[in-house]
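*Asks:* Quick one: sequence and predicted model below, then my questions.
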Amino acid sequence: LESNMEWYNTTYTPGRENELPAIKATQSIMWFKLRSLSHKRIFPGFRIAEVFAWFLFHLGWPLMLAFIYQVTGKFADKNYMTAPEFFRVQSFVIAGKAIFLLPFWWLFFVRLKETALGKKMMLHILTGLMYTVLCLALFYLLLTNVMHFDYTWPKILGDVYNLMVTYFLNFALFHAYNFWLDTQKQMKKQQELKELAYQSEIMALKAQIEPHFLFNTLNSISASVPSTLEKTRILIAQLADTFRYALRVSERDTVSLAEEIAFVKTWLSLEKHRFGERLSIHYSIDEVALTAQIPPLILQPLIENALKHGISPNVGGGTVSIACMQIAGFVHIGVTDTGEGLGDEPGMTFTKGIGLKNTARRLEHLYNEKLTVTQMRNGLCFSFKIPAKL
């Protein structure tokens, strides 16, 4: 409160009360723009803030050395360079370090970003030696050919020590920074997943029907159907099974692929009755994958989209194919239709309904996997993969 009052007292001028909200808004916009700029990538793998921090780090190191040399009187030593000569050499050194370190930076934080930290540390020993040798060669050329100093072994050993320390300190700081970024990203994903689960729970509560009333009503309808209409009784029983499954899995995080496929077959039997001969269904299920655990009702939005946009618009109907295969530790699942495809609005695929959007978000939050849309010769294929064992 005191800090807020202090800010108010330093910015408030009588007669300018209406300007305070505008000043606050301007400050917020400037801060947002500055933060957005710091996160902008100037080229793959490098944010502006990271490059700026890197230059501050390498600029701070020679400044610290210059301070030490000034205090200890080393600049006054006739056998050593003067302060202007030192900074002239350091300008070349900083440029050389940038050229030598950027490829290693790209290697560790872009190319090998997902590699285990232990393997990275082993590789750092090799790259640290390479960096040291390259910098020593640069120092030798500068000191002997440009500055005309003697580059003796004591100086070489001292530079080796300084270079190794700066190299490992540099990457230790940026590994810690990237670990912090990954932690923040994971926390954000967990928070979004909680919000998604909360929203789903609210939607489920809004749409919830008393189960006993629902099933009792369906049983009453089934009992009132004459025995001559056995097909109608079967349809009512299948409808009850789909409701029962949806209620049963509503509080579960995962179900087996076998359970999900059984539900899909029951539900598509009802859809088959609606579409008649216009709908053909093809299953290609790898039995090895049936024990895999997947999020409940993850296939339903994909199949519903295939029926709505792939089968319904076509007078002649079409085919919906469901494929599940286990390959190299992952279960690959695909839903394909023989409809019109993306048409003229390929970018609208995930904006036409909440089902596909939520499915994509669930896959990304739970498994860090993408829901892929592929334009086939006829129709679309929605596919994704999840780990066979969690």
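*Replies:* Everything's here; your move. Numbers count the residues shown, from 1 in each chain.
*Asks:* Pull the contacting residues for residue 329.
*Replies:* Listed by Cβ atoms under 8 Å, 6 or more residues apart in numbering, the contact partners of residue 329 are 387-389. In short, each C-beta sits where N, CA and C put it, glycine included.
*Asks:* So which of the residues you listed wins on neighbours?
*Replies:* When neighbours are counted by other Cβ atoms under 10 Å, residue 388 leads the contacts of residue 329 with 18 neighbours.
*Asks:* Now do the same contact list for it.
*Replies:* Residues near residue 388 by Cβ under 8 Å, 6+ apart: 289, 292, 326, 329-331.
*Asks:* And for residue 303?
*Replies:* By Cβ under 8 Å, 6+ apart, residue 303 lies in contact with 264, 267-268, 320, 322, 335.
*Asks:* Which ones among those residues map onto strands?
*Replies:* Using DSSP state E, the members of these that fall within strands are 320, 322, 335.
*Asks:* Out of the residues you listed, which comes closest to residue 127?
*Replies:* Proximity of the ones in strands among the contacts of residue 303 to residue 127 (Cβ to Cβ) peaks at residue 335, which lies at 45.3 Å.
*Asks:* By residue count, what's the longest helix in the protein?
*Replies:* Criterion DSSP state H: the longest helix present in the chain is helix 153-207.
*Asks:* For that one, name the packing helices and strands.
*Replies:* Packing partners of helix 153-207 (3 or more Cβ pairs under 8 Å, 6 or more residues apart in numbering; DSSP states H and E): helix 48-72, helix 83-106, helix 117-140, helix 354-367.
*Asks:* Dump the ones you listed to TSV, plus mean pLDDT, distance to residue 383 and mean neighbour count.
*Replies:* As requested, the helices and strands packed on helix 153-207 are arranged in TSV below (pLDDT from 0 to 100; distance: least, Cβ to Cβ, whole Å; neighbours: other Cβ atoms under 10 Å):
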stretch	mean pLDDT	distance to residue 383	mean neighbour count
helix 48-72	77	35	14
helix 83-106	81	31	16
helix 117-140	88	31	15
helix 354-367	86	11	18
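*Asks:* Tell me which of the ones you listed sits nearest to residue 188.
*Replies:* Of all the helices and strands packed on helix 153-207, helix 354-367 sits nearest to residue 188, with 10.1 Å by Cβ to Cβ.
*Asks:* Next, format the ones in strands among the contacts of residue 303 as TSV and append neighbour count.
*Replies:* As requested, those are exported to TSV (neighbours: other Cβ atoms under 10 Å):
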residue	neighbour count
320	25
322	21
335	23
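*Asks:* just to revisit the earlier point, would you mind listing which of the contacts of residue 388 are buried?
*Replies:* Buried positions within the contacts of residue 388, assessed by neighbour count (16 or more other Cβ atoms under 10 Å), are 289, 292, 326, 330-331.
*Asks:* now those residues in JSON lines, with secondary structure?
*Replies:* JSON lines is the format used below for the buried ones among the contacts of residue 388 (DSSP: H, G, I helix; E, B strand; the rest coil):
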{"residue": "289", "secondary structure": "helix"}
{"residue": "292", "secondary structure": "coil"}
{"residue": "326", "secondary structure": "strand"}
{"residue": "330", "secondary structure": "strand"}
{"residue": "331", "secondary structure": "strand"}
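*Asks:* Tell me who's in contact with residue 237.
*Replies:* Shown in contact with residue 237 (Cβ under 8 Å, 6+ apart): residue 222.
*Asks:* So it versus residue 219, what's the distance?
*Replies:* Using Cβ to Cβ, to the nearest Å, residue 237 is found at 9 Å from residue 219.
*Asks:* since we're on the residue nearest to residue 61 when sequence neighbours are not counted, how many residues are nearby?
*Replies:* Closest residue to residue 61 apart from its sequence neighbours, by Cβ to Cβ, 6 or more residues apart in numbering: residue 166 at 5.9 Å. Neighbour count of residue 166, defined by other Cβ under 10 Å: 18.
*Asks:* Please apply the same query to residue 234.
*Replies:* Other residues close to residue 234 by other Cβ under 10 Å number 14.
*Asks:* follow-up on the earlier one: pLDDT wise, what is the residue nearest to residue 61 at?
*Replies:* pLDDT, residue 166: 81.
*Asks:* can you check residue 75 too?
*Replies:* At residue 75, pLDDT is 80.
*Asks:* what does the one 4 residues further on give?
*Replies:* The predicted local confidence for residue 79 comes out at a pLDDT of 70.
*Asks:* which SS class is it?
*Replies:* coil.
*Asks:* Please renumber the chain so that the first residue is 401 from this point on.
*Replies:* Done: numbering now begins at 401, and the last item shifts to residue 479.
*Asks:* and it, how many neighbours?
*Replies:* Neighbour tally, residue 479, other Cβ under 10 Å: 8.
*Asks:* For it, grab phi and psi.
*Replies:* With angles defined as degrees, to the nearest 10, residue 479 sits at phi -80, psi 0.
*Asks:* Ok, residue 680 next?
*Replies:* Dihedral angles (degrees, to the nearest 10) for residue 680: phi -110, psi 140.
*Asks:* That one contacts residue 719, doesn't it?
*Replies:* Yes - using Cβ atoms under 8 Å, residue 680 makes contact with residue 719 at a distance of 4.2 Å.
*Asks:* Could you identify the pair within the contacts of residue 788 that is furthest apart?
*Replies:* Using Cβ to Cβ, the contacts of residue 788 span at most 11.2 Å, a distance reached by 689 and 729.
*Asks:* Spatially, and excluding backbone neighbours, which residue is closest to residue 527.
*Replies:* In space, and not counting its chain neighbours, residue 527 is closest to residue 504: 4.9 Å by Cβ to Cβ, 6+ apart.
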